[in-house]
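Colleague: Provided below for reference: sequence and predicted model.
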Amino acid sequence: MKLRATLHLNDQPANLTIFTGLQETWEHLVLKLAASLFFFESHPTIEMGATHPALQGQEYYPDLFNADLTNQPTLWVECGKTTLHKLEKISKRFRQARVIVLTPFPHQARQQAEGIEEEGLRVSVWSFADGEFERWKNLVQEKNEIIGEASETALNLVINEQSFMTELQKILP
């Protein structure tokens with residue numbers, strides 16, 4: 001399964017294709033699309049796995065990723081619920097990287113944030129507001145045309161001729 005999008009965000013055109021990984025659901029794919037839009041300005045990499053020089057020899061791979069010119073990770077985004085063990089290893093191994101967990105639902109974000117706070121991890125947890133992810137998921141199709149503006153925490157879009165605006169909630173800074 002794959003998801004395609006023709007984008008015109010922040011006056012920049014782009015094409016995006018996201019493939020599902022093993023055992024990934026449609027919901028996870030749709031969340032990865034949202035993450036790629038939120039971080040559009042930083043030109044993130046999706047679907048890189050062990051092929052990216054910064055990730056060779058690693059046991060974990062992000063849903064969305066940025067590295068600097070020396071191949072040091074600067075942004076690591078996990079979509080959906082993520083184990084504390086994985087977040088601990090990532091935040092310790094890549095200390096210079098911003099580690100963010102993007103969740104579809106506030107209750108899931110709060111649960112994730114509780115564990116992160118207890119462990120004292122350097123990880124941010126962001127979430128869609130109640131009902132916003134379901135609205136987003138219902139607008140996304142296998143092929144999408146997306147026009148509008150995006151920032152790290154807000155979307156103001158027309159997706160497949162339907163308007164969609166949302167602002168993420170930062171549950172844990």
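Modeller: Done, it's in. Model, not experiment: these values are computed from the prediction.
Colleague: how about the strands of this structure, start to end?
Modeller: Along the chain, counting by DSSP state E, strands occupy 2-9, 12-19, 64-67, 73-79, 98-103, 124-127, 143-150, 154-159, 162-167, 169-172.
Colleague: For those strands, give me JSON lines that also has mean pLDDT, mean neighbour count and distance to Leu55.
Modeller: C-beta coordinates here come from the backbone N, C-alpha and C atoms, glycine included. Compiled in JSON lines, those are given as follows (pLDDT from 0 to 100; neighbours: other C-beta atoms under 10 Å; distance: least, C-beta to C-beta, whole Å):
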{"stretch": "strand 2-9", "mean pLDDT": "97", "mean neighbour count": "17", "distance to Leu55": "21"}
{"stretch": "strand 12-19", "mean pLDDT": "94", "mean neighbour count": "13", "distance to Leu55": "17"}
{"stretch": "strand 64-67", "mean pLDDT": "94", "mean neighbour count": "21", "distance to Leu55": "8"}
{"stretch": "strand 73-79", "mean pLDDT": "96", "mean neighbour count": "22", "distance to Leu55": "8"}
{"stretch": "strand 98-103", "mean pLDDT": "98", "mean neighbour count": "23", "distance to Leu55": "14"}
{"stretch": "strand 124-127", "mean pLDDT": "98", "mean neighbour count": "22", "distance to Leu55": "20"}
{"stretch": "strand 143-150", "mean pLDDT": "98", "mean neighbour count": "16", "distance to Leu55": "25"}
{"stretch": "strand 154-159", "mean pLDDT": "98", "mean neighbour count": "18", "distance to Leu55": "27"}
{"stretch": "strand 162-167", "mean pLDDT": "98", "mean neighbour count": "14", "distance to Leu55": "30"}
{"stretch": "strand 169-172", "mean pLDDT": "93", "mean neighbour count": "18", "distance to Leu55": "25"}
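Colleague: looking at those strands, which is closest to Arg110?
Modeller: strand 169-172 (5.9 Å; C-beta to C-beta).
Colleague: And the closest one, how far out from the chain middle?
Modeller: 14 Å (C-alpha atoms, centre = their mean, to the nearest Å).
Colleague: So what touches that strand?
Modeller: 103, 106, 109-110, 112-113, 116-117, 123-129, 153 (C-beta atoms under 8 Å, 6 or more residues apart in numbering).
Colleague: try 7 Å
Modeller: With contacts defined as C-beta atoms under 7 Å, 6 or more residues apart in numbering, strand 169-172 is touched by Pro106, Ala109, Arg110, Ala113, Ile116, Glu117, Ser124, Val125, Trp126, Ser127, Ala129.
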